[in-house]
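>>> Build me a model:
(one chain, ligands or ions: 1)
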Amino acid sequence: MHNVTVTPEVWERILAIRSGRACSCCGNWSDGESAALDLYGPLARRDLGPITVAQIGQSLDGRVATVSGDARDVSGPDGLAHLHRIRALVDGVMIGVGTALHDKPRLDVRLCSGPNPARIVIDPKGRLPDDALVLRADGCRRLVIQAVDRKRPAGVEVIRLPLVDGLFAPQAILAALHEAGLSTLLIEGGGITIAGFLEAQLLTRLQIAVAPLLIGAGRAALTTPNARLTLAECIRPDTRVFGLGSDVVFDCGLTPLANAAALPLHDRAKSSPCQTASYLS
Ligand SMILES: NC(=O)c1ccc[n+]([C@@H]2O[C@H](COP(=O)([O-])OP(=O)(O)OC[C@H]3O[C@@H](n4cnc5c(N)ncnc54)[C@H](OP(=O)(O)O)[C@@H]3O)[C@@H](O)[C@H]2O)c1
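All right, here's what the predicted structure looks like:
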């Protein structure tokens, strides 16, 4: 396990990677800062094409809520800060309408510096009320993906897609968002939404942040619609493990590109000559 230390200097570098002003392979960093570059560098880079990352914060026993639906504070403070860092690195953060209605998240960046992402809600039937927090007008782009003919508040971009067997094809959702200029995406939940993209093999990475908490009974973090009968059929992703302090992150690469981008810092520096070393003084 690699223990991550996010100093202001390394976070500034990661934001510079995001905006194409710096590389992710050079510099004199402590072990903890190198681990931060290893964890966040693949999400910050824009030279690798579109990225779709999903993130779940869960208990030790794989749950995200109690039986009564209490889902606040499953993640510890470092797990929450991690989520905000991912938000700062992506173009857009997407949730299913279930999460928008239940958790009423703001989906902005408050626990670190960095830009706020566009906010996207998948709401096929138009269940999200106009005064939902995710739709507030605060200068960020707001998009709703829907099948129904429903007007949304001024400034909210509507993407209409057809339903196939009651669902949008995850590939059609991604294509529409890329067309809208959003190519690096975080799917922040819930489990139904993430499972759809996982089953369609459209996730570049899946990050599971585990907090030392036993919920015992309640909502499972992830349940895929297609049951696998043998362990041999199950997904065994290449996984890196990072200690964040209060939480442990399992960072799963789900595509060859994801795994290439996740070479450790020192191996990256050796394998490809740096093109942006002039950034370093
Ligand atoms: N700990 C965490 O990391 C975390 C993060 C987020 C949420 N949560 C928890 O997760 C729970 C909510 O999650 P959830 O899994 O029930 O719901 P969800 O994934 O937030 O929303 C599911 C709904 O979104 C729509 N949807 C998603 N993908 C679609 C597709 N491909 N095509 C058409 N519609 C699609 C559907 O809406 P319709 O039903 O209208 O058809 C679907 O029922 C809450 O308990 C929340 O607290 C936990």
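>>> Around the ligand, which positions in the stretch 1-150 of the chain sit nearby?
By Cβ under 6 Å from any ligand atom, the part of the stretch 1-150 of the chain that sits against the ligand consists of 56-58, 64-65, 69, 71, 74, 95-99, 102-103, 122, 124-125, 127. Bear in mind the C-beta positions are built from the backbone N, C-alpha and C, glycine included.
>>> any low-confidence regions in the stretch 151-281 of the chain?
The model of the stretch 151-281 of the chain has pLDDT under 70 over residues 263-281.
>>> and if we set it to 80?
Applying pLDDT under 80 to the stretch 151-281 of the chain flags residues 257, 259-281.
>>> picking up where we left off before, which of the residues of the stretch 1-150 of the chain next to the ligand count as buried?
Buried members of these, scored by 16 or more other Cβ atoms under 10 Å, are 56-58, 64-65, 71, 74, 95-99, 103, 122, 124.
>>> Point out the least confident one among these.
Among these, Ala71 has the lowest pLDDT, at 90.
>>> Give the phi and psi angles for the most centrally placed residue in the chain, as a check.
Residue closest to the mean C-alpha point of the chain, counted by Cα atoms, centre = their mean, is Leu186 at 3.2 Å. The phi/psi pair for Leu186 (degrees, to the nearest 10) reads phi -110, psi 120.
>>> Just grab the bridge partners of it for me.
Legend: beta-bridge partners of Leu186 under DSSP bridges are Val53, Val93.
>>> pLDDT value on the nearest residue to Gly216 once chain neighbours are set aside, please?
Excluding the flanking residues, the one nearest Gly216 by Cβ to Cβ, 6 or more residues apart in numbering is Asp61, at 6.8 Å. We have a pLDDT of 97 for Asp61.
>>> so who does Asp61 touch?
The contact partners of Asp61, by Cβ atoms under 8 Å, 6 or more residues apart in numbering, come to Leu214, Ile215, Gly216.
>>> is it fair to say the last one lies in a strand?
No: when DSSP: H, G, I helix; E, B strand; the rest coil is applied, Gly216 is found to be coil, with no strand at that position.
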